[in-house]
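Peer 1: Need coordinates for the below:
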Amino acid sequence: MFSDLFFIFLGGGIGSVLRYLISILGEKTIYYFIDKPHPLGTFTVNIVGSFAIGLLYGYFQENISVSETLKLFLFVGFLGGFTTFSSFSLDTFKLVQSGEIMIAILYIISSIVLALGFTYFGIKLTSNL
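Peer 2: The predicted structure is shown next:
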């Protein structure tokens, strides 16, 4: 149990640092072309992370001999620290794969709407402080 937590912690740290570096690079790159803010780094991380989790999930489906510790390091740790959007994408894929199309659609819509709504709510709660 403790070793699993350590590997999740280690993977999360590596993923978070990489996300930060890519975000900085994306910001500098977009300002080179246009002088307007754009979340190119975050966008890139979300797409790359979603692709990576799909590749790994597909590979691990075919290769059962991969250790659970490695899966935790990669899925929960590294990709969880890199981008939670990848986890959202995989969860949605699993719902669709299991035939739960309506639940998947509800999950997508409610996740986006509620995340944006609560972000707005959090900003409004703290904006008068």
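Peer 1: going forward, measure contacts between C-alpha atoms and count neighbours the same way
Peer 2: Will do.
Peer 1: Now Gly13. Nearest residue, chain neighbours left out?
Peer 2: Gly81 (6.6 Å; Cα to Cα, 6 or more residues apart in numbering).
Peer 1: so that neighbour is in which element?
Peer 2: Using DSSP states H and E, Gly81 sits within helix 79-82.
Peer 1: Helix or strand next in line after that helix, which one?
Peer 2: helix 84-97.
Peer 1: avg pLDDT for the next helix or strand after that following helix?
Peer 2: Per DSSP H and E, the first helix or strand lying C-terminal to helix 84-97 is helix 101-127. Mean pLDDT, helix 101-127: 89.
Peer 1: So which elements touch helix 101-127?
Peer 2: helix 84-97 (3 or more Cα pairs under 8 Å, 6 or more residues apart in numbering; DSSP states H and E).
Peer 1: where in the protein is pLDDT low?
Peer 2: 31, 36-37, 128-129 (pLDDT under 70).
Peer 1: if you set the cut-off to 50 instead, what comes out?
Peer 2: Counting by pLDDT under 50, the chain shows no low-confidence range.
Peer 1: Can you name the element that comes right after the lengthiest helix in it?
Peer 2: Counting by DSSP state H, the longest helix found in the chain is helix 2-33. Going down the chain from helix 2-33, the next helix or strand is helix 40-62, by DSSP H and E.
Peer 1: Now do the buried residues in that next one.
Peer 2: 40-42, 45-46, 48-50, 52-54 (16 or more other Cα atoms under 10 Å).
Peer 1: That's all I had, so thanks and see you.
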